[in-house]
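[1] need a structure here:
(one chain, ligands or ions: 3)
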Amino acid sequence: MAVVIKSAHELALMREAGRIVAEVREALRVAVRPGITTAELDALGEQEIRKRGAEPSFKGYRGYPASICVSVNDEIVHGIPGDRVLQAGDIVSLDQGVIYKGYQGDTAITVAVGAISPAAQRLMDVTREALAAAIAAARAGQRLGDVSWAVQRCAEGAGLGVVREYGGHGIGRHLHEDPHIPNIGEPRRGLRLRSGMTLALEPMLAIGTAQTRVLDDVWTVVTRDGGLSAHFEHTIAITDGEAEVLTRL
Ligand code: MF3
Ligand code: CO
Ligand code: CO
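    Numbering: from 1, shown residues only. Ligands and ions are numbered 1, 2, ... in the order given. Model prediction:
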């Protein structure tokens, strides 16, 4: 699929979808506490999405069974909500997507449950910084490799592993559009970014090797070595200046 350049009208709709999914992310973030189950977070997420007139884009996507992804500790992404009870010391990634007036927004954060270890806090901080570095690199005229390298550099500079099997993506009328956006790469290589491209950037970092495995539920991606993982994601629009973050509140 060719990379889609959005018109001003489409960007306005992407802005609305982005705002809604950012509000949902915020409602979920403040709901995280020891004792809550991941299914309760999913139910809240679906309610917050629908009350804004949007639909959960993940539900039914390639058969995915829930409205949001909830990935705890060594789970990297695509954790299926269920009866797991969050405990103090856990870190939990909340990934949510909405479709509104035909356009998609996709955003994720990793949240501490109660008090967490310094190593877990550092992992979260560096992953958030890696996303910020990727966004700063995502400017018209730069290349996709510059964005990927920004994440890799940030992670490896901090001694953390970068997940290679999953990455960011174009986004618009579809949740996943071209291009695929790896979180490792070489500067000055790859697709040249142009104003009007809308992208989901999503570094996934881990303490340890960051090699992955998929559980028997066919969705949940975990670290092979059991190390903690964190994930942050924003939907952005490339402009002639700094990227516009569509999922920032
Ligand atoms: N939100 C994920 C992403 O960031 C995709 C989730 S697909 C699902 O690209 F099926 F698990 F919902
Ligand atoms: Co996502
Ligand atoms: Co995404």
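[2] Determine how far the last residue of stretch 153-162 lies from the first.
    10 Å (Cα to Cα, to the nearest Å).
[3] If you count neighbours, what's buried in it?
    153-155, 160-162 (16 or more other Cβ atoms under 10 Å). Just so you know, the C-beta spots here come from the backbone N, C-alpha and C atoms, and that holds for glycine as well.
[4] Would you mind listing the outside residues contacting that stretch?
    Contacts to stretch 153-162, defined as Cβ atoms under 8 Å, 6 or more residues apart in numbering, come from residues 122-123, 126-127, 129-130, 133, 151-152, 183-184, 203-211, 227.
[5] in this structure, which spans are helices?
    Listed in chain order, the helices of the chain (DSSP state H) span 8-31, 38-50, 118-137, 144-157.
[6] Flag every residue of this structure that's near ligand 1.
    58, 61-62, 64, 69, 78, 95, 97, 106, 200, 202, 233 (Cβ under 6 Å from any ligand atom).
[7] Tell me which of these fall in strands.
    The strands, defined by DSSP state E, take in 69, 95, 97, 106, 200 from those.
[8] Any chance of TSV for those, columns pLDDT, distance to Leu246 and neighbour count?
    What follows is these, written out as TSV (pLDDT from 0 to 100; distance: Cβ to Cβ, whole Å; neighbours: other Cβ atoms under 10 Å):
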residue	pLDDT	distance to Leu246	neighbour count
Cys69	99	19	26
Asp95	99	16	24
Gly97	99	13	29
Asp106	99	10	27
Ala200	99	10	25
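[9] From those residues, pick the one nearest Ala8.
    Ala200 (20.2 Å; Cβ to Cβ).
[10] rewinding a little: could you redo the helices of the chain as a markdown table and give each row mean pLDDT?
    Converted to a markdown table, the helices of the chain look like this (pLDDT from 0 to 100):
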| stretch | mean pLDDT |
| --- | --- |
| helix 8-31 | 98 |
| helix 38-50 | 99 |
| helix 118-137 | 98 |
| helix 144-157 | 98 |
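[11] Nearest approach to Arg84 belongs to which of those?
    Of all the helices of the chain, helix 38-50 sits nearest to Arg84, with 4.9 Å by Cβ to Cβ.
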